[in-house]
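1. pasting the sequence and the predicted coordinates here, then a few questions.
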2 protein chains.
Amino acid sequence: MQMVERVHRLLTAHMKPGDRAVDATVGNGWDTLKLCELVGEKGKVYGFDIQKEAVLRTKERLAQAGFAGRAEIFCCSHSEVEHYIHENIQAFTMNLGYLPGGDKQIVTRSESTLRALEALTKLLGPGGLGLVLVYYGHPGGLEEKAAVETFMASRTSDWGQILRTEIVNRKNCPPILYIMEKK
Amino acid sequence: MQMVERVHRLLTAHMKPGDRAVDATVGNGWDTLKLCELVGEKGKVYGFDIQKEAVLRTKERLAQAGFAGRAEIFCCSHSEVEHYIHENIQAFTMNLGYLPGGDKQIVTRSESTLRALEALTKLLGPGGLGLVLVYYGHPGGLEEKAAVETFMASRTSDWGQILRTEIVNRKNCPPILYIMEKK
């Protein structure tokens, strides 16, 4: 099973109609689309991406599915989430690395990623779920991977439980999935 | 979510009535009970444990649930599975370490664990699922943990995908879960 499919299964098991959610890095919009489906008509999804191309592609995808009214997509860094969201969320997704099929020079960076993680883990309500998929096979990827690992390992168990899932029998930097379950 | 609950969720998503399954270390019988529930009346569960106490406890648990006819429980090492099972299985579970609430001197050992893993990964049919939970906070536990990791990492990607899930923000050797997805 692909990691992306794993992420969608975890979201499906967790989310309820009416929920609020964030896709911190909309990219091609697949996670945003899934979240919009799961939150239903009364829910709300906030999406972020620094690439105009990603925002446009995602908005188009949502419009085609009839979900345009369920989402607000912002063309800005995920490190800015705290300025745009003023309510608790029940879930967030975050894909770190570059946009598949896009410009590989434009990647997420440790500093903004950590700011985004700080903000999102605070916005997450009790029982909330955060899913962070780390692609690190690009220049600077290992540094970001290490920064994320340190962030995750330093949450106290009072915050909740954080799991790391990785493929052990594949080479070439398969992605790592962090599952954050807030108490 | 406890790792045991995670194991049961994965089994529930994977298994179908009529399936064959193995609980390689029945222990207190909770996994065996879950497997019996999932394989239904036409399925079959094979269970193994070297401790008579564990076998009796499990048989009693199954009888109480009305599942006695769905299982065969053997009082022998999981390293012997190949002598008892002569058909493909769709899933197996394995808990490594000692029996919770039992004699902590009696633990699984690397050599028999590896023999059991070799046999079970061969018995697993296409699309099969193996779930191996490693408790290692006891004398000899680290050695077994290392042996299991080497076994897992050395399966080629032709065999299928193997994931390791661990809790990153808890001390005192929280268990590690391997999810083996055969092609």
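-> Good, I have the coordinates.

2. how about the strands in chain A?
-> A:20-23, A:44-48, A:71-74, A:89-96, A:124-134, A:160-167, A:176-182 (DSSP state E).

3. tally of neighbours for residue A:143?
-> 12 (other C-beta atoms under 10 Å in any protein chain shown). (Each C-beta comes from the backbone N, C-alpha and C, glycine too.)

4. which residues touch the residue nearest to it when sequence neighbours are not counted?
-> In space, and not counting its chain neighbours, residue A:143 is closest to residue A:110: 5.8 Å by C-beta to C-beta, 6 or more residues apart in numbering or on different chains. Counting by C-beta atoms under 8 Å, 6 or more residues apart in numbering or on different chains, residue A:110 touches A:140, A:143, A:144, A:147, A:148.

5. quick check, nearest of the residues you listed to chain B?
-> Taking C-beta to the nearest C-beta as the measure, chain B sits nearest to residue A:148 out of those, at 10.2 Å.

6. number of residues surrounding the closest residue in space to the closest one that isn't next to it in sequence?
-> Residue nearest to residue A:148 in three dimensions, not counting chain neighbours: residue A:134, with 5.7 Å by C-beta to C-beta, 6+ apart. Using other C-beta under 10 Å, residue A:134 has 25 neighbouring residues.

7. how about the helices in chain A?
-> Ranges of helices in chain A, per DSSP state H, are A:3-14, A:30-39, A:52-65, A:81-84, A:110-123, A:141-153.

8. rebuild the ones you listed as JSON lines, extending it with distance to residue B:183.
-> Shown next, in JSON lines, are those (distance: least, C-beta to C-beta, whole Å):
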{"stretch": "helix A:3-14", "distance to residue B:183": "15"}
{"stretch": "helix A:30-39", "distance to residue B:183": "24"}
{"stretch": "helix A:52-65", "distance to residue B:183": "31"}
{"stretch": "helix A:81-84", "distance to residue B:183": "39"}
{"stretch": "helix A:110-123", "distance to residue B:183": "34"}
{"stretch": "helix A:141-153", "distance to residue B:183": "27"}
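
9. hey, which of the ones you listed is tucked in deepest?
-> Ranked by mean neighbour count, those are led by helix A:30-39 with a mean of 24 (mean count of other C-beta atoms under 10 Å in any protein chain shown).

10. only alpha carbons, please: show that helix as CSV.
-> The C-alpha trace of helix A:30-39 is given here as CSV (Å, rounded to 0.1, in the frame of the first residue of the first chain):
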residue,chain,number,x,y,z
TRP,A,30,-5.3,15.0,-3.3
ASP,A,31,-5.2,15.3,0.4
THR,A,32,-7.3,18.5,0.3
LEU,A,33,-9.9,16.7,-1.9
LYS,A,34,-10.0,13.7,0.6
LEU,A,35,-10.4,16.1,3.5
CYS,A,36,-13.2,18.0,1.8
GLU,A,37,-15.0,14.7,1.2
LEU,A,38,-14.7,13.6,4.8
VAL,A,39,-15.7,16.9,6.5
